[in-house]
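> I'd like to go over a predicted model; first the sequence, then the structure.
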Amino acid sequence: MKTASLRNDLNYNEDKVAVTVMMETESSKEIRILFRKGQTMKEHKAGFPITVEIHEGAIEFGVKGEKMSLRTGDLISLEANVPHDLLAQEDSIVRLTLSKFDSVARVEKVIE
């Protein structure tokens with residue numbers, strides 16, 4: 001058994017989003033991404049399917065150039081290799097579920 005909290009030890013960065021690996025299981029990696037209002041993740045693709053949960057806040061989520069507003073409690077899943085980007089409309093806590101075979105380093109490169 002493993003446990004983690006999306007709400008404990010919230011350390012926002014003022015200049016770029018903060019990425020933290022919360023947990024790894026046999027099948028997935030659970031990542032917390034902290035956004036300050038106005039921070040972005042530029043367009044990128046994941047090599048495996050992903051699921052994104054807006055745990056708190058509001059994110060403008062772009063998929064293949066189409067923008068949608070996601071708010072607290074919303075979920076979106078994408079198949080592999082779908083271009084997407086994120087813009088925080090307010091301070092936000094986002095949970096990202098990656099395949100065990102995906103790389104956290106790939107996510108970190110998006111915010112550099």
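Great, that's in hand.
> how near is the spatially most central residue of the chain to Asn13?
The residue lying closest to the centre of the chain (CA atoms, centre = their mean) is Leu96, at 4.3 Å. Distance, Leu96 to Asn13, by CB to CB, to the nearest Å: 16 Å. All C-beta spots, glycine's among them, are computed from the backbone N, C-alpha and C.
> Could you give the average pLDDT over stretch 48-61?
In this model, stretch 48-61 has an average pLDDT of 98.
> now do the same end-to-end measure for it.
With CA to CA, to the nearest Å as the measure, the ends of stretch 48-61 fall 18 Å from one another.
> Please work out which residues outside it touch it.
6, 32, 35, 67-80, 84-99, 101-102 (CB atoms under 8 Å, 6 or more residues apart in numbering).
> Who does the closest residue to Gly57 other than its chain neighbours form a beta bridge with?
Among residues not flanking Gly57 along the chain, Ser92 sits closest, at 2.7 Å (CB to CB, 6 or more residues apart in numbering). Counting by DSSP bridges, Ser92 is bridged to Phe35.
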